[in-house]
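S.K.: predicted structure and sequence below. I'll ask about it afterward.
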Protein chains: 2
Amino acid sequence: MLFFEDLEVGAETYYGSYEVTRDEVIEFARKYDPQPFHLSDEAAARTYFGRLAASGWHTCAMTMAVIVRNFEKQQTAGLGSPGVDELRWMKPVYPGDTLHVRGTIIDKTPSRSKPDIGTFRTQTVVSNQDDVPVMKLTSIVIIQRRPTAG
Amino acid sequence: MLFFEDLEVGAETYYGSYEVTRDEVIEFARKYDPQPFHLSDEAAARTYFGRLAASGWHTCAMTMAVIVRNFEKQQTAGLGSPGVDELRWMKPVYPGDTLHVRGTIIDKTPSRSKPDIGTFRTQTVVSNQDDVPVMKLTSIVIIQRRPTAG
């Protein structure tokens, strides 16, 4: 189990990849973001996207799926996240793309009021199969400190 | 159709509401955020959440659904979003909750390089049925300027 004390500022992790499918792009958009350019090539052709593109929130969800899959390999004493800063959708995500998710720990801070927890921030970058960054975000995560023997 | 020129800084919009269901919370979590506290009451009981709680990314998706539903009533010349700042998950979202989504335009800026577009930022606040804010975020949106006659 990884605790606050085990986190190295500057360390980079490759979390894994996600295959973006047309069916899933449309299914997510129908439920949560039914703007025309997330539903059909025809509607997207007249926009910046050019062809059917995933909702940015769907890209967030796919990225989270990759990160959580990684938790199964390396258990982390994480206690959830209070939020995210500077989420940027840099390029469109298209069906057929393969997304690669990487994260770098940018800082860590022990809690001032609670001796058993701390927070750290990770800069996550999602790139496609051509190594073009399509999304980045800075997540804030709460994590347990290593229990002291006693 | 609402254009850049029609946006009033300070204007607040009530976008509508969303009923959070247990089935949907679990379905989203299985696909995108299968952390134990998003999958079962039993696992959540031992955590900050206390009982089954929605993924924060699911709350973003439900919020987007409410906002897009509103586009059908009031067409906006929006061209997509480059991103979001200061996304904060303030309180857990539980099955049975009703989420209410409100947005306030905080600023607008004409593009320096492209005379036909501008950007604006909206502070979105999502509250539950007890009027407790559960999520807030600042979105950046690109929008067309009103075409000039000529």
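M.R.: Looks like it arrived, so ask away.

S.K.: what about the strands in chain A?
M.R.: Along chain A, the segments classed as strands by DSSP state E run A:12-19, A:83-89, A:98-110, A:117-127, A:133-144.

S.K.: distance to residue B:68, mean neighbour count and mean pLDDT for the ones you listed - can I get that in TSV?
M.R.: C-betas here are computed from N, CA, C, even on glycine. Shown next, in TSV, are the strands of chain A (distance: least, Cβ to Cβ, whole Å; neighbours: other Cβ atoms under 10 Å in any protein chain shown; pLDDT from 0 to 100):
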stretch	distance to residue B:68	mean neighbour count	mean pLDDT
strand A:12-19	23	16	97
strand A:83-89	16	20	97
strand A:98-110	23	16	97
strand A:117-127	23	19	97
strand A:133-144	20	19	96
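
S.K.: out of these, nearest to chain B?
M.R.: Closest approach to chain B among the strands of chain A (Cβ to the nearest Cβ): strand A:83-89, 3.9 Å.

S.K.: the closest one - contacts with which helices or strands?
M.R.: helix A:56-73, strand A:133-144, strand B:83-89 (3 or more Cβ pairs under 8 Å, 6 or more residues apart in numbering or on different chains; DSSP states H and E).

S.K.: next, format those as TSV and append distance to residue B:35.
M.R.: Below are the helices and strands packed on strand A:83-89 laid out as TSV (distance: least, Cβ to Cβ, whole Å):
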stretch	distance to residue B:35
helix A:56-73	6
strand A:133-144	12
strand B:83-89	13
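
S.K.: how about the residues of chain A near chain B?
M.R.: When proximity is defined as Cβ under 8 Å from any Cβ of the partner chain, chain A approaches chain B at A:28, A:31-35, A:37, A:47-49, A:55-58, A:60-62, A:64-65, A:68, A:71, A:79-90.

S.K.: ok, residue A:129 - contacts?
M.R.: Counting by Cβ atoms under 8 Å, 6 or more residues apart in numbering or on different chains, residue A:129 makes contact with A:97-98, A:100.

S.K.: tell me the phi and psi of it?
M.R.: Backbone geometry at residue A:129, expressed as degrees, to the nearest 10, gives phi -60, psi -20.

S.K.: hmm, back to that, out of the contacts of residue A:129, flag the one nearest to residue A:140.
M.R.: The closest of the contacts of residue A:129 to residue A:140 turns out to be residue A:100 (Cβ to Cβ; 22.5 Å).

S.K.: out of the residues of chain A next to chain B, which are buried?
M.R.: Those of these that meet the buried threshold are A:28, A:31-35, A:37, A:49, A:55-58, A:60-62, A:64-65, A:68, A:79-81, A:83-85, A:87-89, by 16 or more other Cβ atoms under 10 Å in any protein chain shown.
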